[in-house]
Structures are given as C-alpha cells and as structure tokens.
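1. kindly generate the corresponding structure for this input.
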Amino acid sequence: MTAGTGPGTERAPQVVFLHAVTRDRFDFDELAAALDVPTLALDLPGHGDGPRTAPYRIMRMAEAIRLPPGPPPILYGHSLGGCVALALAAQRPGAIRALVLEDPPLFAFDPARTERRAFYRGFIRLKEQMEGPFAGYSAEAWAAEVAGWGSGHGRVSLAERFGPEAVRRRGRQLATFDSRVLDGLIDLSIGAGFDPVACLAALDVPVTLIAGDPEQSSVLAAADVRRLDAELGVTVVQVAGEGHFIHEVLPETCLAPVRERL
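-> Predicted coordinates for the structure are as follows:
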C-alpha cells in the first residue's frame with residue numbers, strides 16, 4: 001500500500017497527487033490547502049512511507065498505487081509521478097476522471113535521446129552522495145546539507161527561496177528515499193515497458209500537461225511539447241521562465257486545470 005495525507009483521508013478525495021523522484025506526499029501540502037475539496041497525496045514506492053519494491057519501474061509503481069474507494073478523482077502527477085499517473089490511467093480505464101501532468105519526463109527514458117543526458121548526471125551525483133559521504137544521514141543532517149543548495153536555477157539557496165519549513169521537508173524526503181530508485185533512472189530501466197504514446201492513446205479522459213521552459217530545467221524538449229499538443233490530444237499549458245518545479249513557484253498555474261475539471 002502507498003501512504004497518503006491530506007483532507008481526503010477522511011472523505012473520498014476529488015484530487016489525488018503523485019510526487020517527483022526523491023520527494024514525498026507532503027510536496028503538495030500547499031496545493032491541497034488551496035483547494036476547497038477533499039484531496040489525497042500518495043507516496044510512490046521507494047519514497048516516504050511507500051513500499052520498497054526494487055527494482056523500481058514506472059509500470060510496477062503504477063500497479064502499486066491504491067486509489068481509495070469513491071468516485072473517480074482527478075489525478076495530478078509531477079515529474080516521475082506524472083509518468084506513473086499516466087501509466088496508472090492507462091492500466092485502469094474508468095479509475096480517474098481527468099489527468100494533470102506537471103513537467104513529466106515522458107520521453108526521457110529512450111536511450112536514443114542523447115539530448116537528455118544532463119537529466120541523468122544529477123542522479124549519478126546524488127547516488128554517489130547517498131551511498132558515500134551522506135550514507136545514513138538523518139533528516140536533520142540532510143536538512144543542514146540541502147539548506148544551501150541552489151534553487152531556481154542556482155539564483156538563491158533553498159533556504160532563502162522557500163524558508164526553513166521547506167528545508168526541513170526536503171531533509172525528511174531525502175532521509176526516507178530509497179537510493180535504489182536512482183539506479184533505474186541512471187540506466188533508464190525505470191522506463192521499461194512504459195510507452196507514453198500508447199498510454200495516451202488508451203485514455204478516454206482529458207489530459208492537461210503543464211510544461212516548464214526548455215531553456216530552464218524542464219525535462220520536456222520543445223519538440224515533444226509541440227507533438228503532445230498537435231498530435232496526441234493533450235492540452236498544453238506552457239510556462240515561460242520556470243523549469244521543472246512549477247507548483248513550488250506558480251501554484252495557481254498548476255491549480256487552474258485542476259479547478260477546471262472539478
């Protein structure tokens with residue numbers, strides 16, 4: 001079972017959130033608080049209180065997600081969580097009523113996509129840290145480490161940009177993260193069997209994609225965004241000037257397509 005938090009833990013949620021790699025269900029506290037409906041945020045396998053099911057694969061992660069009983073919710077997935085959300089929606093017709101994807105790396109697991117190499121270098125470095133000098137770090141030790149990490153393309157530190165609570169949350173996320181998830185991201189095996197085009201073709205629900213700026217840290221190339229919009233039936237919201245973590249800096253931009261479907 002995956003773990004959840006939010007107002008939707010008492011009533012059937014109308015929105016379910018899935019987070020990015022190395023994050024956890026608490027990443028969406030601000031978005032959930034801004035909505036006037038029950039919500040639920042879930043931990044992916046290998047994150048937070050989610051199951052440890054290495055080797056990690058998108059399709060297996062999707063199978064592990066347990067949506068609560070009740071009417072089909074809107075499913076919101078960020079980054080890796082967006083890939084898992086898409087796979088889940090394709091696997092379970094009728095399980096959700098709409099899909100919102102925030103900057104998901106849909107096409108990043110193709111070995112031929114050499115322009116995505118920068119996407120993996122950060123994971124290699126993090127793997128080295130987590131299994132080397134930072135092995136066994138507590139949440140407090142991780143928080144002290146990440147407070148000075150660059151945020152917003154290195155303009156300011158995480159602590160300066162988002163404050164102490166965000167630093168503590170990031171520390172907890174890294175302390176509970178299973179570094180074996182990174183193996184599949186580094187060698188691309190996490191995407192085994194995941195065909196985003198086939199998944200999109202299998203859907204009968206509206207799909208909105210919130211795309212970051214490819215000139216910043218978005219994991220979607222401009223050509224991919226154009227294809228999703230023109231050929232694959234996806235409603236694209238292109239965000240200029242912001243990269244991968246759009247919900248952290250522009251929450252209303254991310255909430256707009258959710259509210260539209262409520």
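2. grab the nearest non-local neighbour of residue 147.
-> Distances taken as CB to CB, 6 or more residues apart in numbering place residue 159 nearest to residue 147, at 4.2 Å, with adjacent residues excluded. C-betas here are computed from N, CA, C, even on glycine.
3. quick check: that neighbour touching residue 144?
-> No - contact criterion CB atoms under 8 Å: residue 159 and residue 144 do not qualify, at 10.2 Å.
4. circling back: so what's the residue nearest to residue 147 up against?
-> Residue 159 makes contact with 147, 148, 166, 167, according to CB atoms under 8 Å, 6 or more residues apart in numbering.
5. host element of it?
-> Using DSSP states H and E, residue 159 falls within helix 158-162.
6. show me the helices in the chain, by range?
-> Along the chain, counting by DSSP state H, helices occupy 29-34, 58-64, 80-91, 117-130, 139-146, 158-162, 164-175, 181-186, 196-202, 222-230, 246-249, 251-261.
7. helices and strands around the fourth one, which ones?
-> Counting by 3 or more CB pairs under 8 Å, 6 or more residues apart in numbering; DSSP states H and E, the packing neighbours recorded for helix 117-130 are helix 181-186.
8. residue 103: neighbour count?
-> For residue 103, the neighbour count with other CB atoms under 10 Å is 28.
9. any idea what sits nearest residue 51, other than its immediate chain neighbours?
-> residue 45 (5.0 Å).
10. ok, that neighbour - contacts?
-> With contact set as CB under 8 Å, 6+ apart, residue 45 has these partners: 2, 51, 52, 53, 56, 60, 61, 64.
11. follow-up on the earlier one: out of the helices of the chain, deepest packed?
-> Across the helices of the chain, averaging neighbours per residue (mean count of other CB atoms under 10 Å) puts helix 80-91 on top, at a mean of 25.
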